[in-house]
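S.K.: 3D, please:
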Amino acid sequence: MTDPTMTAILAAVGTGRDGDTATARTALLELWAGIGPAGDPLHRCTLAHYLADLYDDPAESLAWNIRALDAADTVTDDRVRDVHESLHIAGFYPSLHLNLADDYRRLGSLTPAAEHLALARQHAPALGPDPYGDLIRGAIDGVGAAIASGDTAPRG
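M.R.: This is a model prediction of the structure:
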């Protein structure tokens, strides 16, 4: 199934990954305005998850990551499989909670950071034995070490 909104979201994400974060952020914000707060939860989750990465300010990133998690809670596996047959919503949660843990850590709020890190670890078994799963598991360990040491610096 072709999903023009998801295609537009992923195109904007590509622009951001190519280094043009301002253009990517503008495109995603325009898409967000069109989707609206009651729009397709998969679109809202995906867009907010990627948009959070385009903000250096952890408070702005946190706001978008909270939106992503809220939307994920209403996404069904059937809807996720409309995009790709191998996807399951459970696989989204390790990354969503990891990002929240990292935002809270960067803001110096170590208790909620540790709580979301624990949730990321709890959901990590949903990740596959693949490079993406390895990336998220490694990032969970890295954010965990930063939380344990009280480090609030941005991670590379």
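S.K.: make it CA atoms for all contacts and neighbour counts henceforth
M.R.: Noted.
S.K.: can you pull the buried residues of stretch 77-84?
M.R.: By neighbour count with 16 or more other C-alpha atoms under 10 Å, stretch 77-84 contains the buried residues 79-80.
S.K.: how about it as CSV, C-alpha atoms only?
M.R.: What follows is stretch 77-84 as a C-alpha-only set of coordinates in CSV (Å, rounded to 0.1, in the frame of the first residue of the first chain):
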residue,chain,number,x,y,z
ASP,A,77,0.0,-4.0,14.6
ASP,A,78,-2.4,-4.1,11.6
ARG,A,79,-1.8,-0.4,11.0
VAL,A,80,2.0,-0.8,11.3
ARG,A,81,1.9,-3.8,8.9
ASP,A,82,0.2,-1.6,6.3
VAL,A,83,3.6,0.2,6.0
HIS,A,84,5.7,-3.0,6.2
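S.K.: what's the spacing between it and its chain's center?
M.R.: Here the centre of stretch 77-84 is set off from its chain's centre by 17 Å, with C-alpha atoms, centre = their mean, to the nearest Å.
S.K.: can you check stretch 78-85 too?
M.R.: Here the centre of stretch 78-85 is set off from its chain's centre by 18 Å, with C-alpha atoms, centre = their mean.
S.K.: that'll do, ta.
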